[in-house]
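Visitor: I'll drop the sequence and a predicted model, then ask my questions.
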Amino acid sequence: MPEQTANKKARKQQQRAVETRAALLDTAIEAFSVSGYEGISVRQLEERAGVKRGLVAYHYNDKETLWRAAVDRLFAALAEDLLPRVESLADIAPLEAARGFVRAFVRYSAAHPELNRLMMQESVSASWRVNYIVDRHIAPLLEALRTMMPEAAGQLWRDGDPHRYYLLIGAGAFVFTAEQECRRLFGTSPRTEDFVDIRIVEMRDLQGRGDGPADQAQVVGALGPGAEDLLPLFLLQGGKAPAAPQQYGRIHHPAQVEEERPDPGVGGGQKLLETPDATLPGPGDTPGGRHGRLGQGQEEFPVAFI
């Protein structure tokens, strides 16, 4: 009987230790994603977790080790959710695989906004923490995704292209990070099922609709030399590739200057928007801008990336 009592007491202590570690880890994930590493003390973490003082040191040694454990759990959960889904997409068409990845990524981001919130906290300044996140988790995860679906990964974020990568991350995750702003500004929660479904459709549109996306070769051929730089802008939401360069007017830019002059590309005497640093291709022009504006008589589409 005394032995049974001792065993029961030991099991109870072990269970309590497991619960304490879990409470500290859950609290740390929430606190570090909202306040940042420097914004909360060990004592505050213990108070929020509802545990006795000194238990962070007992279970995790120090705040740095607890932070690493919190980050490891966040990214482990992401990998456990995404990688099996990606594996199932490996044998389908690259565009459909890319869309499947986007769908999974958006749903995960909506369910777990703390991951992107923590990333935003740590990406503001250089530190051992951002190095740890990138070197231990993000870079290996991207490499795994490239290996599992190379063509689809190329559509989502070309190797070494930070613009496409952060367009994907920003479009797919930021609105859930900014949940309270969205509630205040638009009177809706971005984490509702309907909102998430719409977000997935919008992300699909960024890659081109299945009912007639612009063809890259056709875009390049229509726009002429240098058009590859503008592909992310001219692969339009459900749009067709432009028939000829002269369909386009000038770049729409915040620092634009209106000018009255004839232009053979858009029709004589039309008022144009022009800046000295970038123009859309007219006859003989080379593309070199960010914000496109269609010429006279052309339907205007929202610009997007694939």
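Guide: The structure has been received and is ready for your questions. These figures come from a predicted structure and were not determined experimentally.

Visitor: buried residues in the helix or strand where Leu25 lies?
Guide: Using DSSP states H and E, Leu25 sits in helix 2-35. Residues of helix 2-35 classed as buried by neighbour count (16 or more other CB atoms under 10 Å): Thr20, Arg21, Ala23, Leu24, Leu25, Thr27, Ala28, Ile29, Glu30, Ala31, Phe32, Ser33. In this view, the C-beta of every residue, glycine as well, is placed from N, C-alpha and C.

Visitor: Which elements pack onto that helix?
Guide: helix 42-49, helix 55-60, helix 63-89, helix 113-122 (3 or more CB pairs under 8 Å, 6 or more residues apart in numbering; DSSP states H and E).

Visitor: okay, these in a markdown table with mean pLDDT and distance to Phe176 next?
Guide: Shown next, in a markdown table, are the helices and strands packed on helix 2-35 (pLDDT from 0 to 100; distance: least, CB to CB, whole Å):
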| stretch | mean pLDDT | distance to Phe176 |
| --- | --- | --- |
| helix 42-49 | 95 | 22 |
| helix 55-60 | 94 | 28 |
| helix 63-89 | 94 | 14 |
| helix 113-122 | 94 | 4 |
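
Visitor: nearest to Glu151, of those?
Guide: Glu151 sits nearest to helix 63-89 of all those, at 10.8 Å, using CB to CB.

Visitor: what inclination does the next helix or strand after the closest one have with respect to helix 63-89?
Guide: Counting by DSSP H and E, the next helix or strand C-terminal to helix 63-89 is helix 94-111. Relative orientation of helix 94-111 and helix 63-89, computed by axes from the mean of the first three to the mean of the last three CA atoms, to 10 degrees: 140 degrees.

Visitor: what's in contact with helix 94-111?
Guide: Here helix 94-111 makes contact (CB atoms under 8 Å, 6 or more residues apart in numbering) with 78, 81-82, 85-86, 88-90, 92, 115-116, 145, 149, 151-156, 168, 172-173, 176, 190-191, 195-196, 199-200, 203-204, 207-208, 210, 213.

Visitor: from those residues, which would you call buried?
Guide: 78, 82, 86, 89, 115-116, 145, 149, 152-156, 168, 172-173, 176, 190-191, 195-196, 199-200, 203-204, 207-208, 213.

Visitor: re earlier: including distance to Val106, could the helices and strands packed on helix 2-35 go into a markdown table?
Guide: Formatted as a markdown table, the helices and strands packed on helix 2-35 follow (distance: least, CB to CB, whole Å):
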| stretch | distance to Val106 |
| --- | --- |
| helix 42-49 | 30 |
| helix 55-60 | 32 |
| helix 63-89 | 11 |
| helix 113-122 | 11 |
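
Visitor: That concludes my questions; thank you for your assistance.
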